[in-house]
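S.K.: Pasting the sequence and the predicted coordinates here, then a few questions.
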Amino acid sequence: MGFKARARKSKAKDENGKKDEKSNKPENEVPCGIKSCDNFADKHLGGRSIGRNKVLEVWNKSDFDEIKGRVRMCKKCYRILKKETKDSKEWV
Ligand SMILES: [Zn+2]
């Protein structure tokens, strides 16, 4: 194994090893928190961050991924949630 292979390896690590969740990238990077959904939940696509309690009214906790008590949700899933929970007007 020459030094070239090692150099390539360390470069790959730089690109993939460090992921900053807080950096806002313009590309579609935030997958929808609903596991059965393949859409993206980026803000510029109409995605929302919904409190888990609200999401639990529509989905089971095994059906979504939450981050710090909130679920990133694409526009489509948000509409489903809104439709399913339309009686309760006050929620975040
Ligand atoms: Zn979705």
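M.R.: Good, I have the coordinates.

S.K.: how much space between Ser62 and Leu56?
M.R.: 11 Å (Cβ to Cβ, to the nearest Å). Using the backbone N, CA and C atoms, a C-beta is placed for each residue, glycine as well.

S.K.: now Phe40
M.R.: From Phe40 over to Leu56 the distance is 22 Å, taken as Cβ to Cβ.

S.K.: Those two: which is more packed in?
M.R.: Neighbour totals were compared for Phe40 and Leu56, and Phe40 leads with 18 against 14 (other Cβ atoms under 10 Å).

S.K.: Quick one: classify the nearest residue to that one once chain neighbours are set aside as helix, strand or coil.
M.R.: Computed as Cβ to Cβ, 6 or more residues apart in numbering, the closest residue to Phe40 that is not its neighbour in sequence is Asn28, at 4.2 Å. Under the three-state scheme (DSSP: H, G, I helix; E, B strand; the rest coil), Asn28 adopts coil.

S.K.: Asn28: neighbour count?
M.R.: Neighbour number of Asn28 under other Cβ under 10 Å is 13.
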